[in-house]
Structure formats: structure tokens, C-alpha cells
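S.K.: model this:
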Amino acid sequence: YLYLAGKRAIQMSTYQESISHLSKALDLHMTLPATRKRSEIELNIQLALGNAWVGPKGYGKGVESAYTRARKLCEQLGEKQTLCQVLGQLSIMHFVRAEYAKARKLAEKALILAEQLKEPVYIALGHWYLGFIWFYLADFKKVRAHLKYVLEYYDPQEHHREFIMMRGSDAGISALSYEALCLGILGFPDKANKISQEAIGLARDQNHPFTLVDVLCYGGCMLGAVQHDTQKLSYYAEQMADIALTRKFAGWSGQAISFLGEAMAKQGRHKEGIELIQKGISDDISIYSRCSLIGAYRALTEAQLDAGLIDQGMGTLIETMNLADSIGENLWKPELYRIKAALLLEKEDEVNAEESLQKSIQIAQQQEAKSWELRATIDLARLRIKQGKKEDARHALTGICEWFTEGFESSDLVNAKELLEQLS
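M.R.: Below is the predicted model of the structure:
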């Protein structure tokens, strides 16, 4: 009874209640004689506990303990199908901790095992794990290849409940939000916005708060940050924060607070924004959540730049770039070099600013991240104009602008068009 009540609480996103029921169930169960049946039931309880701990505590010690024990039980019992699930959950844990090499290795093991077992739902989950891991490593071709499998497999009516029971959130809707983000970065803002709305709409229809806060994070807030759309960022950050804080979803609340701070800073409320971003970062660090840190530190650096805190901003940027290198995260690198150039220009260091902008463009081109290449090219064109090199500026802007086939009302393309009109 306690086990079933705990699983039901997970479906309702009432995680503290679930942990209470499942912990009592485990304590009672472990008083029984040690038999195979006891181990099988313990495995089910540990799986449910792992899902439950994620909500209020993120991927901390509770999750690690539950899934480590579950993996050991799977190996003892020869439960290969369940092992797929456990490997995937351990992969997510290492991903959230920004231990990307460990996360990828576990995800690849989960996918290989799922393919050997010919289990479609586990195969889909394996592709989903690898999709979001490669996203933070900024290999967007690999991301979309993995997401394609998930999206072709996924049917909300058929798979929503199954995904919730297996991992606590809907991987299909999550995959849609990552697809939207990829398209936004790759230079297809209209397609990105359409898919983002589809993902958020599906998440609302399914009425599962943990899935909704996931989709609001990636398909709403992060897409707004990528597109420099402050209105979108603020709108979704408020919704994300309301759910995460009300429901006590510790794994999401830090990011929500950071996004709120970023939006405030963009609206000119620099002091409040900086304080909120710093609080969000602190909250994430306290629960071992590091995959969001580079994005949050990027927002902090930009807020400090906008507030005129140039030395502080440069200090934050250097620490952020060092952290990104140490954990192997590449997602925000073009933006970090672009922001570095802006800080250097405030110090009237045009030589190193130009070098940073060229580096930003180079990395963006390697990633095929056209939106970020455009943004860095706009900044470089402005520097060229200041240097009296108007033809160089016009040539660079024309080349990147001609690539785009949509999103002509987006802020970056509008800015580029205005610059080109001035140069003409």
C-alpha cells in the first residue's frame, strides 16, 4: 500500500509525500527475510525513491543512493531491462552535475543495452539522454539526430504516463523543447518558436508540473535568453519560478531564480537582477546542480557589464571560461567570447576585443550556430565602423544576413538590417 501511494504521489508531483511513503515502505520491507522476491520488490522501491528525491532535492545524495543500490540489485538479479532505466537515471545525475564524460558513457551503455533487448521505450530514452548531453557539448547535429528518434517514437496519449512512471517526467515533450532550442541557436527562429509553443502547450495539457517546469526552462526561458527576447524570458521565468518554488522543486528553482534575475537586469533593474542571479547560482551549487552554472554565470557577467561593473564582470567571465574548460561544456562559448569583447571595449582595448569577436565567430561557425555567429558579427561590424572600415563591416554583415531564410522580425536580424542600411 505504501509503495503504491508513493508512486501515485510521483504522478501528482507531490514528491515529499512520495518520499515519506516510499521510505516507510522500504523500512518495512527490509525486515523481511532475504530472498529473491525481497530484492525484486526493493528494486522497485529504490527506483521510485530515486524519482521522488529528484523533485525536492535535485540530483543529490538521495538520488545517488537510490540508483546506486538499484544498479547493484539489477546486476544481482540479472534484470537487464530495468538496468537500462537505472543506467539512464545515473546518466542524468552525472549530467546535472556537469560530469559530461561519465554521463555520456552511461547513456551509451543504456542505449546499447536497450537495442540488444529491442525495447522501443528504452531505446527512445537512450536517445533522449544522449540528445541533451550532446546539447551542452554543443554538437547540435548529434543532438538533433538523437532527438529525431525520440520525436518519431513519441505519442503523448500512449507514452506520457509511461515516461512519468519510468523517469518522473515526459521525455517526449522534453525532446521537443530541446529541438526548439537547437533550431533557435542554429538560425531558425520561426521554427524554434513554433515548436516551443507546441511543447509548452503539450506540457500544459498533460497537467504534470514537473514536466511543465522542465519545458518552461528549455523551451521558454533558455530560448528567450538565446534569442535576446527579454519579454519572453521574463514571461516564462515567472511561470517557471512560480511552479518550482510553490512545488519545492529544488532542481529547478535555482535556474528559475537565475532566469528571473537575468530578465530583471535586461529591464534595467541591475542590482536586483544581479542579486537574484547570484542566489540562483548559490542554490544550484548547494544541490550539486552544475549543468546550469555556465549559462547563469554568463547572465551574471552580462548584467555586470550592463550595470557598468566592468572589473567585476571581467572577473566573473574569466572564472566562467575556466569552469567551462574544466568541465568540457561548449554550449555558451560563442556568447562568452562576445561578452568578453564588450568588456574589453569598455576598457578601450580594441585589439583584444576584435580577437575575442573573431574567436566567437569561429566557434559559432564550428558549431553551425548561426544565431550566435550573427550576434558576434553585428558587434564586429560596429567595431569595424568605429575603426573606419565600413566596407569590411558591410561585407561581413551581408554574408551572414543572406544565409537566413526566416526570423526577419527577430531583434538580431532587425539590428543587422539597420546597420546595413546605415552602411548603404
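
S.K.: mean confidence score for stretch 222-239?
M.R.: Here stretch 222-239 scores 97 as its mean pLDDT.

S.K.: ok, now how distant is the nearest residue to residue 168 once chain neighbours are set aside from residue 139?
M.R.: Nearest non-adjacent residue to residue 168, counting by C-beta to C-beta, 6 or more residues apart in numbering: residue 51, 3.9 Å away. (C-beta placed from N, C-alpha, C; glycine too.) Residue 51 sits 29 Å away from residue 139, taking C-beta to C-beta, to the nearest Å as the criterion.

S.K.: out of the two, which sits in the busier spot?
M.R.: Each of residue 51 and residue 139 has its neighbours counted (other C-beta atoms under 10 Å); residue 51 has more, 26 against 16.

S.K.: what about that one, which SS state?
M.R.: helix (DSSP: H, G, I helix; E, B strand; the rest coil).

S.K.: which residues touch residue 387?
M.R.: Going by C-beta atoms under 8 Å, 6 or more residues apart in numbering, residue 387 touches residue 350.

S.K.: can we see that at 10 Å?
M.R.: 350, 354, 393 (C-beta atoms under 10 Å, 6 or more residues apart in numbering).

S.K.: among the residues you listed, which ones are buried?
M.R.: Neighbour counting with 16 or more other C-beta atoms under 10 Å marks 354, 393 as buried within these.

S.K.: Redo the contacts of residue 387 as JSON lines? Include secondary structure and distance to residue 384.
M.R.: Formatted as JSON lines, the contacts of residue 387 follow (DSSP: H, G, I helix; E, B strand; the rest coil; distance: C-beta to C-beta, whole Å):
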{"residue": "350", "secondary structure": "helix", "distance to residue 384": "10"}
{"residue": "354", "secondary structure": "helix", "distance to residue 384": "9"}
{"residue": "393", "secondary structure": "helix", "distance to residue 384": "4"}
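
S.K.: For stretch 106-125, list every residue counted as buried.
M.R.: Buried-residue list, stretch 106-125, by 16+ other C-beta under 10 Å: 106-111, 113-114, 119, 121-125.

S.K.: what's the span of that stretch, first residue to last?
M.R.: For stretch 106-125, the first-to-last residue distance is 12 Å (C-alpha to C-alpha, to the nearest Å).

S.K.: Begin at 3, not 1, for the rest of this chat.
M.R.: Right, with 3 as the first residue, what we last looked at is stretch 108-127.

S.K.: any idea of the mean pLDDT for it?
M.R.: On average, stretch 108-127 scores 96.

S.K.: How far does it sit from its chain's centre?
M.R.: 22 Å (C-alpha atoms, centre = their mean, to the nearest Å).

S.K.: for stretch 267-286, same thing?
M.R.: For stretch 267-286, the distance between its averaged C-alpha position and the chain's averaged C-alpha position is 19 Å (C-alpha atoms, centre = their mean).

S.K.: Using PDB, write down the CA coordinates of it.
M.R.: Coordinates of each C-alpha in stretch 267-286 appear next as PDB, following Å, rounded to 0.1, in the frame of the first residue of the first chain:
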ATOM      1  CA  ALA A 267      18.800  43.000 -15.400                       C
ATOM      2  CA  LYS A 268      17.800  43.300 -19.000                       C
ATOM      3  CA  GLN A 269      14.900  45.500 -18.000                       C
ATOM      4  CA  GLY A 270      17.400  47.900 -16.300                       C
ATOM      5  CA  ARG A 271      16.900  46.600 -12.700                       C
ATOM      6  CA  HIS A 272      20.600  45.700 -12.500                       C
ATOM      7  CA  LYS A 273      21.100  45.500  -8.700                       C
ATOM      8  CA  GLU A 274      18.100  43.300  -8.100                       C
ATOM      9  CA  GLY A 275      18.900  41.200 -11.200                       C
ATOM     10  CA  ILE A 276      22.500  40.500 -10.100                       C
ATOM     11  CA  GLU A 277      21.400  39.600  -6.600                       C
ATOM     12  CA  LEU A 278      18.800  37.100  -8.000                       C
ATOM     13  CA  ILE A 279      21.300  35.500 -10.400                       C
ATOM     14  CA  GLN A 280      23.800  35.100  -7.600                       C
ATOM     15  CA  LYS A 281      21.100  33.500  -5.400                       C
ATOM     16  CA  GLY A 282      20.100  31.100  -8.200                       C
ATOM     17  CA  ILE A 283      23.700  30.100  -8.700                       C
ATOM     18  CA  SER A 284      24.200  29.500  -4.900                       C
ATOM     19  CA  ASP A 285      21.000  27.400  -4.800                       C
ATOM     20  CA  ASP A 286      22.100  25.200  -7.700                       C
END
